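A.B. asks: with the input below, show me the fold.
(chains A, B, C and D)
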Protein chains: 4
Amino acid sequence: MHMTKVLVAVAGASGYAGGEVLRLLLAHPDVEIGALTGGSNAGQPLGALQPHLVPLADRVLEETTPETLAGHDVVFLALPHGQSGPVAAQLGEDTVVVDCGADFRLTDAALWEKFYGSEHAGSWPYGLPELPGQRELLAGARRIAVPGCYPTVSTLALAPAVAAGVVAADDLVVVAASGTSGAGKAAKPHLLGSEVMGSASAYGVGGTHRHTPEILQNLGALTEETVRLSFTPVLVPMPRGILATASASVREGVGADDLRAVYVSAYADEPFVHLLPEGQWPTTKAVLGSNSVHLQVALDEDAGRAVVVGAVDNLAKGTGGAAVQCMNLALGLSEATGLTTVGLAP
Amino acid sequence: MHMTKVLVAVAGASGYAGGEVLRLLLAHPDVEIGALTGGSNAGQPLGALQPHLVPLADRVLEETTPETLAGHDVVFLALPHGQSGPVAAQLGEDTVVVDCGADFRLTDAALWEKFYGSEHAGSWPYGLPELPGQRELLAGARRIAVPGCYPTVSTLALAPAVAAGVVAADDLVVVAASGTSGAGKAAKPHLLGSEVMGSASAYGVGGTHRHTPEILQNLGALTEETVRLSFTPVLVPMPRGILATASASVREGVGADDLRAVYVSAYADEPFVHLLPEGQWPTTKAVLGSNSVHLQVALDEDAGRAVVVGAVDNLAKGTGGAAVQCMNLALGLSEATGLTTVGLAP
Amino acid sequence: MHMTKVLVAVAGASGYAGGEVLRLLLAHPDVEIGALTGGSNAGQPLGALQPHLVPLADRVLEETTPETLAGHDVVFLALPHGQSGPVAAQLGEDTVVVDCGADFRLTDAALWEKFYGSEHAGSWPYGLPELPGQRELLAGARRIAVPGCYPTVSTLALAPAVAAGVVAADDLVVVAASGTSGAGKAAKPHLLGSEVMGSASAYGVGGTHRHTPEILQNLGALTEETVRLSFTPVLVPMPRGILATASASVREGVGADDLRAVYVSAYADEPFVHLLPEGQWPTTKAVLGSNSVHLQVALDEDAGRAVVVGAVDNLAKGTGGAAVQCMNLALGLSEATGLTTVGLAP
Amino acid sequence: MHMTKVLVAVAGASGYAGGEVLRLLLAHPDVEIGALTGGSNAGQPLGALQPHLVPLADRVLEETTPETLAGHDVVFLALPHGQSGPVAAQLGEDTVVVDCGADFRLTDAALWEKFYGSEHAGSWPYGLPELPGQRELLAGARRIAVPGCYPTVSTLALAPAVAAGVVAADDLVVVAASGTSGAGKAAKPHLLGSEVMGSASAYGVGGTHRHTPEILQNLGALTEETVRLSFTPVLVPMPRGILATASASVREGVGADDLRAVYVSAYADEPFVHLLPEGQWPTTKAVLGSNSVHLQVALDEDAGRAVVVGAVDNLAKGTGGAAVQCMNLALGLSEATGLTTVGLAP
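C.D. replies: Presented below is the predicted three-dimensional model:
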């Protein structure tokens, strides 16, 4: 018995997020790839822009218009921040629209305006099914906001401890080493290979990175306590991957076993979140190209802090993989269809 | 008028620390390079082991014995941990001995035994001249313990704020992204290029890294308060460099300008510590091969934390450069002789 | 209607070749993964050695013995050179044995002994289906020798021109830039990340690399002419991928269009070999993790040489992907089952 | 007795070539750094653009005009191709002008126009002192054209064999793996870190790269024979360094010892060209930041080709180091002043 294939369009197919969505859709058994659109790249064959997507090499990018995107069951938006709102407004209510951008992630309009400097477009169901209750919200949803890459791993690293109350929520610290693809494909001097190879650098220090309020929003929903977070992203010389080191003051009386038990319990049934065996620490290489999040926890008794390290592929589970996972949920497909837990290593 | 050159020996010349000491000594105008010794590499020409040290290519490594090291004005020890003690014991009291290893860094024998698992050899003047009063201790010293690479940048990043009391000393957090050369030249599978390229990973998490007590010792000397530190080293795909992100809860009433003023004041006269102009963040590339430490500070008011980012070359200022700087102080030479603030970029 | 799954064992599951075979088999719909064996790693869980293979993390490596490998439909050998012969001799004649090592690649015993320094084990059907007539030999084969990584791309780059006689076969030059995983997972100092990052180096120069006779054997079968080859491998700082630059003196009267036509014709029906559109040059990134070989050709009229550039993933199409492709042919499955042309980029 | 310092200006101080000249000049004992000029970056402090040049951090870039460059003893031009001619025309005849660009390298106007597509500005003494007779031409010169990075290492790799006639000059092949800084600091998508890390790619294939005629010009001056060259540059993931693999058909009767003797003889007295001991192959890491060229030769008897591998830092000896070396010659200073043979490794 055959299921009719789902017809999917990707707006912004020439960028890193759009390319990753397409890479994953090419392995999805229930999907037919329809319109591919671009901005300044419209008119070019995809093969010239995304040479790794061999089966789509001859497909020509169209303009991102309501007409080109019409008639699809699912539309992925992989557009620069601020552009998803107007495009989404012209898509049918029954169309599943999955936004890889930030436009609909934040519920608080004031925070949006503070961090993004433009008018708030609204908020959509947040595409992190691993959060309590979130999977149910996404089932059947027709508008979904894919989380940011840093918020994905930072939230999953801290959520169990915050929700269980085994750490103080008001002194969270996350330092996250990231590959460069998170910064996108627009050519900027500080992202040149000559600059990033052999170098590490921090940016968005002091609470100014746009993903800070998103992480706070996620964690704040899990506790009555005040949530405060010092978040520092660090650019390191690799194309993909984020390794987040998260820590928090541990509550008195909470031991290493208690801490670990909280994580075992939180993720026991999650297909994509893997708490590694004790003594084994995450590496971003092990999750490259996959939808996996690898976690490990430690209790530093001298410092009085719980430390959680998480690894994710910023483009896969951190963007495109989450987008496909959410599409599966929205359409009632098996959540893991077309996705893998297996990374590309070495 | 000529000064007689200082005759210098390097024990452990085939490793990364020994190689870096030699690289710098080759640019030092007042030094003559004498004996070079190795362990299992004794008998080999240095050119086969350190092909970048062209002027020394034909020098053959000798055994590390009292005889080969005798008769030198200065002996640099760049040996595996635990080996410096016995060697140093056989060197004359007037010989300047600069130990690049950890053996003589910690004053607390119990901490040494806890973290290094062997008997404590003692402690020597600590080779971080930028700490208050330390430069004076090093002038004329005949035994010097070069700081660890992580402690160098972590201490310099946090010392001014801790000493000035503008942050709480009992909740310090440092996450430091490091190049791989800090792990040395012994071949281990997880340090293979195939494993580290394209990957980031944490290790020594939860307060278990050996540099943790060293940082605590340094900072504890600056305050009456209890000092607590969560320290996490992260291996990132670059051969050299450390980027440390340090943070601490800021005292009420301390503003961004106050915080910055503390750092301006602390390092105004330091030749090798550079607080970057506001808005410019350190990159490890800018300090490669140099004795510079680049710092920047921010106050995250929402999180209530001061964040300090520091960059250092783990082998240069983090090891070999500090060793040469300390030798200069011990001998009464100008402190910066043979050293540079200029990095190799891009 | 269900097909019974093929039961597969992998000997040498902890190395790079074995890991890649497993990565691909995990995506193969017709395969059930049976015994996994290791050498010194026997007894360890695979998750500690290959953390990217999440679904197999709890599988424990067994010893490589006839007993552990018995009872499988297919056995992949991913062993150090020289070990495949004895193991294969104890496997049933009906078992499909696919050797990722070099043992059975060369037909000439004297060449084997010259380059590998041990007794010749024999030769098996050569697993490069893209060579003329080779696909037919592999259909139903029970013993298959997977090509070396350099020979795969070098042969595919030069075969059409040599076979068509548009270049002189006696002055071939190949310089191939390779990632480090081709050198395997055994820890050697010159393969440390600290040594390879930021550096390029040649090795096996002057015709001494073991893959030289293999390339000559492949090309020699396509022409009556004498075949001579200068082959130089170059280690470059990336974990995976080979970019081969091959050139040969072009015959008088052969124009750029003639040259291109030879390649268009040779690979028109090949599922995994892609001659890129004119003006677009291969990158190894576009083929990472895939079974694709990307090629481009140019005629340098001033130099009188045809230049062919080819990109391959040394572990995928260069080893594990070819192994799975050959298994498919041997079993009568569709050749591309479980394989992809889509690379992981960026 | 003091020598008056030489006053030096650098036009194009914000680019990679200009930055490297300045890095070296900061270590030059006889130089005072005067005007620094930029194009679109004029008005900015150098510290924001070249943070590794700490002693110059507060120097503000001026416009590149005759007025700003007037009054200097030496002017280094590190400008985009085509811009050096007009600037140089306005500098005094007694000023030493060292052009790091290509404008004055080629003597053949037709070749210039073919490869650069603009009007030929003329030709200046070519700044490769290691070529026969060239050092004498540069002594006292007032206009010097610094060689391209690929031509430096390619020429030095092949010149002795071509000059001695031990190889055929009409079938030279060079494949050169290069770091990305050779492509400059202008932001282009294919040079992004995300694109180049983990990837190798060829470009300028088929004799189209602009450095091809320059290499031919150099080698053609050494022989009566026709010189033909297939040159292919390959971009590999490192910021600096070129590893060139050069080969040529060896003359009958020429043995490995003969070949080596030619190189020993050619470079015995050269301070910066090092023929490595037999069996040791060049790595770019060993020459980083230095003025060294490391060479090794092999005779492949089966292939009938001599193979020469050379390593150079494209920015140091490949650009800025050669520029300083030539300045020294022009001014009558010791040729190696301010330069080093010691690389920065690991």
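A.B. asks: near chain C, which residues of the stretch 151-300 of chain A show up?
C.D. replies: With CB under 8 Å from any CB of the partner chain as the criterion, the stretch 151-300 of chain A meets chain C at residues A:181, A:185, A:197-198, A:239-240, A:274, A:276-277, A:280, A:283, A:285-290, A:292, A:294. From N, CA and C alone the C-beta is placed, and that goes for glycine too.
A.B. asks: what subset of those is also close to chain D?
C.D. replies: Subset of these in contact with chain D: A:181, A:185, A:197-198, A:239, counting by CB under 8 Å from any CB.
A.B. asks: what segments of chain A are helices?
C.D. replies: Ranges of helices within chain A are A:16-25, A:46-49, A:66-69, A:84-89, A:109-116, A:134-138, A:149-164, A:193-196, A:211-220, A:256-267, A:321-331, based on DSSP state H.
A.B. asks: what's the closest of these to chain B?
C.D. replies: helix A:193-196 (4.2 Å; CB to the nearest CB).
A.B. asks: roughly how far is that closest one from the heart of the chain?
C.D. replies: Averaging C-alpha positions (CA atoms, centre = their mean, to the nearest Å) puts helix A:193-196 25 Å from its chain's average.
A.B. asks: which residues are in contact with that helix?
C.D. replies: Residues from elsewhere that reach helix A:193-196 (CB atoms under 8 Å, 6 or more residues apart in numbering or on different chains): A:180, A:189-190, A:235, A:237, B:283, B:285, B:346, D:16, D:179-181, D:183, D:185, D:191-193, D:195-197, D:237, D:239.
A.B. asks: please produce a ChimeraX select command covering the buried subset of those.
C.D. replies: The buried residues among those can be selected in ChimeraX (16 or more other CB atoms under 10 Å in any protein chain shown) with this line:
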select /A:180,235,237 /B:283,285,346 /D:16,179,180,181,183,185,191,192,193,195,196,197,237,239
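A.B. asks: just to revisit the earlier point, which of the ones next to chain D among the residues of the stretch 151-300 of chain A next to chain C has the weakest pLDDT?
C.D. replies: pLDDT across those is at its lowest for residue A:185, which sits at 95.
A.B. asks: what does that one show for phi and psi?
C.D. replies: Note on residue A:185: its backbone torsions stand at phi -100, psi 0 [degrees, to the nearest 10].
A.B. asks: ends of stretch A:60-70, how far apart?
C.D. replies: End-to-end distance of stretch A:60-70 (CA to CA, to the nearest Å): 17 Å.
A.B. asks: stretch A:259-276 too?
C.D. replies: Using CA to CA, one end of stretch A:259-276 lies 14 Å from the other.
A.B. asks: what do you get for stretch A:33-45?
C.D. replies: Note: stretch A:33-45 ends 15 Å apart using CA to CA.
A.B. asks: does that stretch reach chain D?
C.D. replies: No. Judged by CB under 8 Å from any CB, stretch A:33-45 stays clear of chain D, getting no closer than 10.5 Å.
A.B. asks: one step back: just the contacts of helix A:193-196: which are in strands?
C.D. replies: Judged by DSSP state E, those include residue A:235 as members of strands.
A.B. asks: before we move on, the earlier item: between the ones next to chain D among the residues of the stretch 151-300 of chain A next to chain C, which sits nearest residue D:212?
C.D. replies: residue A:197 (26.7 Å; CB to CB).
A.B. asks: the closest one against residue D:241, yeah?
C.D. replies: No. Counting by CB atoms under 8 Å, residue A:197 does not reach residue D:241; the two are 11.1 Å apart.
A.B. asks: which neighbours do these two have in common?
C.D. replies: Contacts common to residue A:197 and residue D:241, judged by CB under 8 Å, 6+ apart, are residue C:198.
A.B. asks: find the closest residue to chain B in the stretch 101-250 of chain A.
C.D. replies: For the stretch 101-250 of chain A, CB to the nearest CB, closest residue to chain B: residue A:206, 3.1 Å.
A.B. asks: tell me the contacts of the closest residue to that residue other than its chain neighbours?
C.D. replies: Among residues not flanking residue A:206 along the chain, residue B:298 sits closest, at 3.1 Å (CB to CB, 6 or more residues apart in numbering or on different chains). Counting by CB under 8 Å, 6+ apart, residue B:298 touches A:205-206, B:256, B:306-308.
A.B. asks: try it again at 6 Å.
C.D. replies: Each residue near residue B:298 by CB atoms under 6 Å, 6 or more residues apart in numbering or on different chains is listed here: A:205-206, B:307.
A.B. asks: again, but for residue A:82
C.D. replies: Counting by CB under 6 Å, 6+ apart, residue A:82 makes contact with residue A:118.
A.B. asks: same question for residue A:309.
C.D. replies: Residue A:309 sits next to A:245, A:282, A:296, B:202 when contact means CB under 6 Å, 6+ apart.
A.B. asks: got it, and residue A:78?
C.D. replies: A:12, A:15, A:17-18, A:100.
A.B. asks: with pLDDT and neighbour count added, can I get these in CSV?
C.D. replies: Listed next are those as CSV, based on pLDDT from 0 to 100; neighbours: other CB atoms under 10 Å in any protein chain shown:
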residue, pLDDT, neighbour count
A:12, 98, 27
A:15, 98, 23
A:17, 98, 28
A:18, 98, 29
A:100, 98, 30
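A.B. asks: turn those residues into a markdown table, including distance to chain D.
C.D. replies: Shown next, in a markdown table, are these (distance: CB to the nearest CB, whole Å):
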| residue | distance to chain D |
| --- | --- |
| A:12 | 15 |
| A:15 | 11 |
| A:17 | 12 |
| A:18 | 14 |
| A:100 | 16 |
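A.B. asks: roughly how far does the spatially closest residue to residue A:90 that is not a sequence neighbour sit from residue D:78?
C.D. replies: Leaving out its chain neighbours, the residue that sits closest to residue A:90 by CB to CB, 6+ apart is residue A:66, at 4.0 Å. Going from residue A:66 to residue D:78 by CB to CB, to the nearest Å gives 50 Å.
A.B. asks: kindly report the same for residue A:307.
C.D. replies: Distance from residue A:307 to residue D:78, by CB to CB: 47 Å.
A.B. asks: of the contacts of residue B:298 - the most surrounded one?
C.D. replies: Within the contacts of residue B:298, neighbour counts (other CB atoms under 10 Å in any protein chain shown) peak at residue B:307, which reaches 27 neighbours.
A.B. asks: picking up where we left off before, dump the contacts of residue B:298 into JSON lines; add pLDDT as well.
C.D. replies: Formatted as JSON lines, the contacts of residue B:298 follow (pLDDT from 0 to 100):
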{"residue": "A:205", "pLDDT": "97"}
{"residue": "A:206", "pLDDT": "96"}
{"residue": "B:307", "pLDDT": "98"}
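A.B. asks: residues contacting residue A:199?
C.D. replies: Per CB under 6 Å, 6+ apart, neighbours of residue A:199: B:283-285.
A.B. asks: could you pick out the residues of the stretch 51-200 of chain A near chain D for me?
C.D. replies: When proximity is defined as CB under 6 Å from any CB of the partner chain, the stretch 51-200 of chain A approaches chain D at A:180-181, A:187-189, A:191-194, A:196-198.
A.B. asks: of all those residues, which comes closest to residue D:264?
C.D. replies: residue A:198 (34.4 Å).
A.B. asks: not counting its neighbours along the chain, what's nearest that closest one?
C.D. replies: That would be residue B:238: by CB to CB, 6+ apart, it lies 4.9 Å from residue A:198.
A.B. asks: the residue nearest to residue A:235 when sequence neighbours are not counted: neighbour count?
C.D. replies: Using CB to CB, 6+ apart and skipping the chain neighbours, the partner closest in space to residue A:235 is residue A:201 (5.2 Å). Using other CB under 10 Å, residue A:201 is surrounded by 23 other residues.
A.B. asks: again with the one 3 residues further on
C.D. replies: Each residue near residue A:204 was counted by other CB under 10 Å, and the total is 18.
A.B. asks: just the pLDDT for it.
C.D. replies: So, for residue A:204, pLDDT stands at 96.
A.B. asks: so it touches residue A:232, yeah?
C.D. replies: No. Assessed by CB atoms under 6 Å, residue A:204 is found out of contact with residue A:232, at 7.5 Å.
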